[in-house]
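[1] Any chance you could fold what I've pasted below:
(one chain, ligands or ions: 1)
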Amino acid sequence: MTASPPETTLDTVRTWVAQAERLCVLTGAGVSAASGVPTFRDAQTGYWAQFRAEDMASAAGFRANPGRVWQWYQHRKALIAAVQPNAAHHALAQWSLQHPGAMTLVTQNVDGLHQRAGSTDVLCLHGDLWQDRWLNPTCPQCNADVLTDGEPPACPCCGNLRRPGVVWFGEMLPGRVLANAQAAAEACDVLLVVGTAGVVYPAAGLAQLARRCGRRVVVLNTAATDLDSVADAVLRGPATSSLPAVLLSDEGEGLQPAVWY
Ligand code: BJW
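    Numbering: from 1, shown residues only. A predicted model of the protein is given here:
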């Protein structure tokens with residue numbers, strides 16, 4: 001006879017969070033979706049339904065067509081500058097304010113919306129859309145304040161191109177940021193994995209790491225993810241409902257906490 005899985009309710013997850021001394025939260029594109037920022041892998045609206053990831057999110061793609069990639073990032077910057085953080089971003093910022101030092105917020109997002117909602121010390125695994133950098137090693141004249149007008153702009157002396165300060169496929173994540181995120185996943189009482197498909201590594205590996213260390217892992221997502229099988233509980237619903245419900249309020253409206261392990 002197969003043992004029934006233990007029943008886990010939204011209330012149980014709330015209790016885990018309320019009892020946690022240390023909370024770690026890993027966020028992905030789904031957290032910004034309600035603000036109007038497209039995700040990557042949603043079937044109709046995700047960026048990868050429109051573009052090939054290797055063309056737009058790899059150094060090779062950038063070298064092959066720097067203008068196209070640069071313009072895509074400029075378009076995304078303009079879109080993000082025009083939107084606002086949503087209830088999910090605000091719930092995380094508010095919980096942190098109420099529990100100083102108890103949350104490590106790790107994000108794969110490069111949009112800066114967590115910071116705009118008031119979260120501080122965010123560990124940005126995939127960089128920052130707003131911090132361009134040099135593509136190649138710099139010459140003595142490379143100066144970000146003195147650039148050509150091109151798309152992308154370049155060093156007028158050596159032609160070195162500016163590129164978005166994000167982490168593309170095949171590139172290393174910032175070492176200290178990743179190490180701090182891994183340490184937080186190992187040391188937390190509960191890891192919330194919110195709005196990410198959980199397919200991009202090493203970010204997704206934080207969930208397995210936390211689980212291996214005996215930490216509780218809760219996945220919050222509108223759809224099934226690759227990390228559901230790692231989770232102690234899965235809450236189905238938009239992050240704008242699930243995060244406030246788990247972190248802040250008595251409301252659980254719109255949630256179907258339906259998958260239990
Ligand atoms: C909602 C919602 C709502 C919707 N509420 N939810 C191990 C195994 C296999 C491969 C690898 C591995 N280790 C490394 C790799 C290679 C590679 C990788 O992971 N490949 C896999 C995809 C196959 N990883 C790398 O290359 C990384 N570097 C690395 O490993 O370096 C070491 C190395 C070097 C050299 C050789 C080998 C190794 C770098 C990864 C960089 C990823 N970069 C991007 C672009 C960043 C810049 C930009 O923004 O343009 O990061 S790709 C893109 O995916 C972006 C995202 O941060 C990332 C994750 O996406 P996310 O957040 O999960 O979004 P979606 O769209 O996938 O999912 C959204 C989710 O939200 C869905 O689940 C929805 O259901 C949900 N949702 N609305 C709640 N309202």
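[2] What segments of this structure are helices?
    Taking DSSP state H as the criterion, the chain carries its helices at 10-19, 30-33, 53-56, 59-64, 66-81, 87-98, 113-117, 175-187, 205-212, 239-247.
[3] contacts for the third one?
    Pointing back at helix 53-56 there. 40, 47, 60-61, 64-65, 68-69, 72, 169 (C-beta atoms under 8 Å, 6 or more residues apart in numbering). In short, each C-beta sits where N, CA and C put it, glycine included.
[4] Show me which pair in these is furthest apart.
    Pairwise distances across the contacts of helix 53-56 peak at 19.9 Å for Phe40 and Ala64 (criterion: C-beta to C-beta).
[5] neighbour-wise, which of these two wins?
    Set Phe40 next to Ala64 and count neighbours by other C-beta atoms under 10 Å: Phe40 wins out with 21 against 12.
[6] Against Gly195, how distant is that one?
    In this view, Phe40 and Gly195 are 11 Å apart by C-beta to C-beta, to the nearest Å.
[7] How much space separates Gly165 from Leu235?
    33 Å.
[8] Walk me through the domains of the protein.
    Each domain of the chain is listed here as a residue range: 2-36+84-126+172-260, 38-82+132-166, per automatic domain parsing.
[9] Considering the ones you listed, which stretch scores lowest in mean pLDDT?
    Lowest mean pLDDT within the domains of the chain: domain 2-36+84-126+172-260, a mean of 91.
[10] and that domain, how far out from the chain's middle?
    10 Å (C-alpha atoms, centre = their mean, to the nearest Å).
[11] Near Asn86, how many other residues are there?
    Neighbours of Asn86 under the rule other C-beta under 10 Å: 21.
[12] I misspoke; the intended subject was Ala233.
    Counted by other C-beta under 10 Å, the residues lying close to Ala233 total 23.
[13] same check, this time on Gly214
    Gly214: 8 neighbours (other C-beta under 10 Å).
[14] still on that earlier bit, Gly165 and Leu235 - which one has more neighbours?
    Counted by other C-beta under 10 Å, Gly165 and Leu235 do not tie: Leu235 has more neighbours, with 27 against 17.
[15] Who is Val106 paired with across the strands?
    Taking DSSP bridges, one finds Leu26, Leu123 as the beta-bridge partners of Val106.
[16] check contacts around it.
    Neighbouring residues of Val106 by C-beta under 8 Å, 6+ apart: 24-27, 122-123, 125, 181, 184-185, 203, 206.
[17] got the residues of the chain near the ligand?
    Contact residues (C-beta under 6 Å from any ligand atom) of the chain with the ligand: 28-30, 33-34, 39-42, 46, 57, 108, 110, 126, 166-173, 195-197, 199-202, 221-223, 225, 238-239.
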